[in-house]
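K.L.:
below are the sequence and a predicted model; questions follow.
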Amino acid sequence: MEKLSFRLTAPRSAGGTRAQAIVGVVASGNLEVLLERSPPADTCTIDIATAAHGFGAVWDAVVRDFVTRRPAGGLRISINDGGARPDTVALRLAQGVRKIEEPER
Amino acid sequence: MTAATCNDVSLSWYEASARQRIDALVDAGSFCEFIGPELREISPHLAIFDLPEQFDDGIVVGRGRLDGKAVLLAAQEGRFMGGAFGEVHGAKLTGLLRAARALSQDVLILFDTGGVRLQEANAGELAIAEIMRAVIEARRAGVNVVGLIGGRAGCYGGGSLIAGTCSKVIISEQGRLSVSGPEVIETNRGIEEFDSRDRALVWRTMGGKHRFLIGGADAFVDDEALAFRQSAIVALKISPGCDVAVLAAEQARLERRLQRFGEVEDAVEIWQTLGIDQPTEIPARPTGAFLRAANNRESADDAR
């Protein structure tokens, strides 16, 4: 397993009141994304454990794109990856933010 | 308390994830998870093999309401390591069943498993034994333990043994229930014994329709979350029983079944012997027509 960590400045912070959200499963070509609240509100931390080694530059591009497109500030994101493609990763991250911003029932 | 509501969106049980199944099964918004992913109670073994971990170790456990009634639930994620039982995965289910006994609350187990995880086989096998004991102890204390089978991984190996101890088993056509999986049988006994690539053979030998017809499952439902929900509500209304008389009756039934079908070569012959009209048409029949044709099925008892 390769472990990667990113600490990024996020222009927008995540809304909603849910404490956490989880999307996806760890399977071949898939990943799970766990989102939790963590101050400061303008920072997003992302910790990745991936089965596919040597793709640090691709991860860097995907997570930087994510924090500019989505409200990711104030989030601590943990990823277990089973070798997902970058588009799948981007989709799961977007789903995760949408889920943590969902109104609580 | 507000009226019990469920999600009315159509959801294929086979395609859904463990979390989607639970959300669609229980009264809307009633589920509360125990030992959730944020606690990161992961497998202590997978890292040794440099394998990916999942924060919930492939099983979601918690409490919720089903038609207003408080229940405990466990759902296996068949896509993570084939839903296989490891140390943590198994311990979560054992703990849930012990809680069910202490709280006198019924349990729903949403099976989706290939059996024991090979990378932690000793811990997994022990977990299966502990879970079976916990199921029986809960049932002896008057708790219903209902198994729901219809996932991608089916219900194989140790999972099938646990299903055998449940008070009721609900299955869909997509659900498969068997101790040994198709590839395992072919590997050990040869392709003459079982061709694992013959999907029709796999389904008519281990699939939901056959298991329902020979009394291995108690209810047959469509591959729909709502159908599983309705069937689970009915299953929990039947008073539980697990005593010597039940086990003796089941032993007698299994002996009769072996006598009746022991020499039979194929499931279709069993259906014919059961007196089912046009037995070769069974795999093609939609649920309604299948249930009408299944009138002469072997009875399923509270032990199987």
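P.N.:
Perfect, I can see it now.
K.L.:
can you list the residues that contact the longest helix seen in chain B?
P.N.:
Using DSSP state H, we find that the single longest helix of chain B is helix B:121-140. Residues from elsewhere that reach helix B:121-140 (CB atoms under 8 Å, 6 or more residues apart in numbering or on different chains): B:45, B:84-87, B:89-91, B:93-94, B:97-98, B:100-101, B:107, B:115-117, B:145, B:158, B:161-162, B:165-167, B:240, B:242. (C-beta placed from N, C-alpha, C; glycine too.)
K.L.:
tell me which residues in it are buried?
P.N.:
Using 16 or more other CB atoms under 10 Å in any protein chain shown as the test for burial, helix B:121-140 gives B:123-128, B:130-132, B:134-135, B:138-139.
K.L.:
B:I214 contacts B:R297, doesn't it?
P.N.:
Yes. Between B:I214 and B:R297 there is a contact under CB atoms under 8 Å: 7.3 Å.
K.L.:
and chain A, which of its residues are near chain B?
P.N.:
Residues of chain A lying near chain B by CB under 8 Å from any CB of the partner chain: A:1, A:19-20, A:22, A:25-27, A:30, A:32, A:34, A:36, A:49-51, A:78, A:80-82, A:105.
K.L.:
now list the buried members of those residues.
P.N.:
Buried members of the residues of chain A next to chain B, scored by 16+ other CB under 10 Å, are A:1, A:20, A:22, A:25-27, A:30, A:32, A:34, A:36, A:49-51, A:78, A:80-82.
K.L.:
run through the stretch 101-250 of chain B and note the low-pLDDT ranges.
P.N.:
Where the stretch 101-250 of chain B drops to pLDDT under 70, the residues are B:240.
K.L.:
could you pull out the strands for chain A?
P.N.:
Secondary structure of chain A by DSSP state E: the strands cover A:2-9, A:20-23, A:31-37, A:43-50, A:75-81.
K.L.:
okay if I get these as a markdown table plus mean pLDDT?
P.N.:
Shown next, in a markdown table, are the strands of chain A (pLDDT from 0 to 100):
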| stretch | mean pLDDT |
| --- | --- |
| strand A:2-9 | 98 |
| strand A:20-23 | 98 |
| strand A:31-37 | 98 |
| strand A:43-50 | 98 |
| strand A:75-81 | 98 |
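K.L.:
quick check: which of those is nearest to B:D8?
P.N.:
Counting by CB to CB, B:D8 lies closest to strand A:20-23 out of the strands of chain A; the figure is 22.6 Å.
K.L.:
run me through the strand neighbours of that closest one, direction for each.
P.N.:
strand A:31-37 (antiparallel) (DSSP bridges).
K.L.:
ok, whatever residue of the stretch 201-304 of chain B ends up closest to chain A to B:E137 distance?
P.N.:
Using CB to the nearest CB, the closest approach of the stretch 201-304 of chain B to chain A is made by B:A225 at 17.4 Å. Going from B:A225 to B:E137 by CB to CB, to the nearest Å gives 30 Å.
K.L.:
closest to chain A among the buried residues of helix B:121-140?
P.N.:
Nearest to chain A, judged by CB to the nearest CB, of the buried residues of helix B:121-140 is B:G124 at 17.6 Å.
K.L.:
can I get the buried residues of helix B:121-140 in JSON lines including distance to B:I171?
P.N.:
Output for these, formatted as JSON lines (distance: CB to CB, whole Å):
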{"residue": "B:A123", "distance to B:I171": "28"}
{"residue": "B:G124", "distance to B:I171": "23"}
{"residue": "B:E125", "distance to B:I171": "25"}
{"residue": "B:L126", "distance to B:I171": "27"}
{"residue": "B:A127", "distance to B:I171": "23"}
{"residue": "B:I128", "distance to B:I171": "20"}
{"residue": "B:E130", "distance to B:I171": "24"}
{"residue": "B:I131", "distance to B:I171": "19"}
{"residue": "B:M132", "distance to B:I171": "19"}
{"residue": "B:A134", "distance to B:I171": "22"}
{"residue": "B:V135", "distance to B:I171": "17"}
{"residue": "B:A138", "distance to B:I171": "21"}
{"residue": "B:R139", "distance to B:I171": "19"}
